[in-house]
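J.: any chance you can model this:
(one chain, ligands or ions: 1)
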Amino acid sequence: MPLRKTKHKSDEVTRIAYRFLAFPDEEQKIMFSKTFGCVRYLYNRMLDDKSKAYKNFGEKLNLTPAWYKHLSCCRWLSEVDSLALANVQLNLNSAFTNFYEGRADYPKFKKKSDHHDSYTTNMVNGNIRLRYSNHHICLSLPKIPGEVKVRNHRPIRQGGTLKSVTVSRETNERYYVALLFEYTKKKVVHDIDPDNSIGLDMSMHAFYVDSNGNTVDTPHPYLRIQEGLAKEQRKLSHMKKGSSNYRKQRKKISALYAKTKHQRNDFLHKLSRKLVDTYDIIGIEDLNMHGMSQSLNFGKSVSDKGWGMFTVMLNYKAEELGKKVIRIDKWFPSSQMCNNCGCISTQTKDLSVREWTCPHCGTQHNRDENAAINIKNEAVRIYCTQ
Ligand SMILES: [Zn+2]
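T.: This next block holds a predicted model:
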């Protein structure tokens with residue numbers, strides 16, 4: 001009987017992708033380019049052949065990269081990583097399945113002008129190797145000469161198995177590798193200390209204010225670049241659509257967007273990591289983001305702050321460590337209640353009131369810090385009564 005790896009049904013598998021900036025040398029860039037080109041070519045060629053067979057004969061063709069490699073016109077496909085090509089087949093098959101089952105439109109051809117090039121290769125019999133040196137990973141990939149230098153700006157969780165690597169090149173000529181690790185999840189039990197807790201109040205003026213009175217601000221990447229972006233957008237509107245200047249300008253704009261996105265994600269990852277490492281219970285407001293961005297006229301800055309993504313990161317990182325993130329009902333009067341005596345004051349309904357004094361016990365409050373303390377206390381109360 002062949003040996004087979006069996007997984008227990010109770011084992012839960014999670015996958016985490018780590019995306020890092022890569023610094024390929026010229027030779028490696030050439031191979032990456034070749035692979036991107038082959039992957040795109042094969043995808044389009046298979047799509048075309050499948051479409052014709054389906055249209056003309058009503059046949060669902062099952063095509064493989066191996067078949068194309070034997071054609072005299074496609075021999076060059078053998079020069080690149082065969083796993084990258086195998087993934088093309090898988091991707092196209094699932095695109096068709098999604099179409100047949102009504103979940104997606106008919107698969108489209110991949111254009112060279114699409115926002116970025118990428119390919120995915122899989123770990124098979126040690127064909128991918130990682131070597132860690134301070135702040136960098138040296139990555140060996142199939143058919144790529146030498147080791148690709150990768151900046152390792154956040155730690156990779158121990159105990160995972162590398163499953164695949166996706167190499168991409170963005171319009172700003174930056175290269176990234178995404179390392180996908182698989183973890184078998186064991187239920188982590190952490191001894192929760194209710195005294196070791198924190199409450200976060202999403203503030204209008206900062207990213208949040210915490211129950212210790214600290215204000216944490218976003219790098220505001222979007223806001224900062226927004227002005228420049230508007231200028232570049234204006235330039236674009238005066239250019240002839242489809243001209244080479246127009247394409248260059250579009251590249252420039254999408255590079256600006258990509259930059260802000262990476263900065264923001266990096267900030268959110270580091271912040272959420274620090275919080276779950278430090279605290280056992282983290283209380284947060286359950287905000288109705290859509291309602292809030294409309295009613296408070298936060299507009300762009302709420303989505304820019306990435307609060308929604310931040311709470312997702314907090315949740316899964318806390319779960320990994322057996323810690324608790326507790327969402328407080330959005331109707332809980334965190335801003336209006338005095339954290340000292342519990343009296344409710346309506347003066348804070350006016351959002352411009354930043355400081356207030358409790359009419360009952362006379363405690364002076366900073367609006368956001370008081371709210372954060374209430375959120376913390378409520379989170380601890382919910383945890384202890386669960
Ligand atoms: Zn009071």
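
J.: what ranges do the helices span in this structure?
T.: 26-57, 65-69, 82-100, 221-237, 244-278, 289-295, 300-305, 307-321, 367-385 (DSSP state H).

J.: quick one: mean pLDDT for the fourth one?
T.: To tie it back to what came earlier, the one meant is helix 221-237. Throughout helix 221-237, pLDDT has a mean value of 79.

J.: let's have the helices of the chain in TSV, adding distance to residue 140.
T.: C-beta coordinates here come from the backbone N, C-alpha and C atoms, glycine included. Output for those, formatted as TSV (distance: least, CB to CB, whole Å):
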stretch	distance to residue 140
helix 26-57	11
helix 65-69	22
helix 82-100	14
helix 221-237	33
helix 244-278	25
helix 289-295	43
helix 300-305	38
helix 307-321	28
helix 367-385	46
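
J.: residue 77 touches residue 85, doesn't it?
T.: Yes. The pair residue 77 / residue 85 is scored as a contact, 6.4 Å apart, by CB atoms under 8 Å.

J.: now for the two: what residues contact both?
T.: 38, 42, 65 (CB atoms under 8 Å, 6 or more residues apart in numbering).

J.: from those residues, which are also near the ion?
T.: By CB under 5 Å from the ion, no member of those lies near the ion.

J.: figure out which of the helices of the chain is closest to residue 168.
T.: helix 26-57 (8.7 Å; CB to CB).

J.: just to revisit the earlier point, deepest-packed of the helices of the chain, please.
T.: helix 367-385 (a mean of 21; mean count of other CB atoms under 10 Å).

J.: tell me the mean pLDDT over that helix?
T.: Per-residue scores along helix 367-385 average to 95.

J.: near the ion at all, it?
T.: No. Residues of helix 367-385 are not located near the ion by CB under 5 Å from the ion, the shortest gap being 9.6 Å.

J.: can you name the residues in contact with that helix?
T.: With CB under 8 Å, 6+ apart as the contact definition, helix 367-385 has outside contacts at 192, 194, 197-201, 203, 205-206, 208-211, 213, 215, 281-285, 324, 326, 328, 332-335, 337-339, 348, 353-356.

J.: ok, now with 6 Å
T.: 194, 197-199, 201, 203, 209-211, 213, 281, 283, 324, 326, 328, 332, 334-335, 337, 339, 354 (CB atoms under 6 Å, 6 or more residues apart in numbering).

J.: follow-up on the earlier one: quick one, which of the helices of the chain is nearest to residue 111?
T.: helix 26-57 (8.5 Å).

J.: and of the helices of the chain, who's closest to residue 165?
T.: helix 82-100 (9.7 Å).

J.: could you give the angle of that closest one to helix 26-57?
T.: 40 degrees (axes from the mean of the first three to the mean of the last three CA atoms, to 10 degrees).

J.: pLDDT of helix 82-100, averaged?
T.: 93.

J.: which strands and helices sit next to it?
T.: helix 26-57, strand 117-122 (3 or more CB pairs under 6 Å, 6 or more residues apart in numbering; DSSP states H and E).

J.: what's the distance between the shortest one and the middle of its chain?
T.: The chain centre lies 17 Å from the centre of strand 117-122; the measure is CA atoms, centre = their mean, to the nearest Å.

J.: pLDDT on that strand, on average?
T.: On average, strand 117-122 scores 95.

J.: tell me, what residue is most central in the chain?
T.: residue 265 (6.8 Å; CA atoms, centre = their mean).

J.: and that one, what does it touch?
T.: Neighbouring residues of residue 265 by CB under 6 Å, 6+ apart: there are none.

J.: out of the helices of the chain, the one nearest residue 141 is which?
T.: Using CB to CB, the nearest of those to residue 141 is helix 26-57, at 8.7 Å.

J.: can you tell me which helices and strands that closest one packs against?
T.: The contact analysis (3+ CB pairs under 6 Å, 6+ apart) places helix 26-57 against helix 82-100, strand 117-122.

J.: leaving out the residues flanking it, which one is nearest to residue 240?
T.: residue 246 (6.0 Å; CB to CB, 6 or more residues apart in numbering).

J.: find me the pLDDT at that neighbour, would you?
T.: Residue 246 is given a pLDDT of 92.

J.: how much space separates it from residue 253?
T.: 11 Å (CB to CB, to the nearest Å).

J.: pretty sure residue 210 contacts residue 201?
T.: No. Using CB atoms under 6 Å, residue 210 is not in contact with residue 201, being 7.5 Å away.

J.: one step back: including distance to the ion, could the helices and strands packed on helix 26-57 go into JSON lines?
T.: Converted to JSON lines, the helices and strands packed on helix 26-57 look like this (distance: least, CB to the ion, whole Å):
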{"stretch": "helix 82-100", "distance to the ion": "57"}
{"stretch": "strand 117-122", "distance to the ion": "57"}
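
J.: Throw those into JSON lines and include distance to residue 315, thanks.
T.: Shown next, in JSON lines, are these (distance: least, CB to CB, whole Å):
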{"stretch": "helix 82-100", "distance to residue 315": "28"}
{"stretch": "strand 117-122", "distance to residue 315": "27"}
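
J.: which one, of those, ends up nearest to residue 57?
T.: helix 82-100 (15.7 Å).

J.: now the angle between strand 117-122 and the closest one, please.
T.: 110 degrees.

J.: can you count the residues close to residue 64?
T.: 11 (other CB atoms under 10 Å).

J.: now residue 332
T.: Residue 332 has 15 neighbouring residues, counting by other CB under 10 Å.

J.: likewise for residue 200?
T.: Using other CB under 10 Å: residue 200 sits among 29 other residues.

J.: please name the bridge partners of it.
T.: residue 210, residue 284 (DSSP bridges).

J.: OK, contacts around it?
T.: Applying CB under 6 Å, 6+ apart, the residues near residue 200 are 208, 210, 284.

J.: done for today, thanks.
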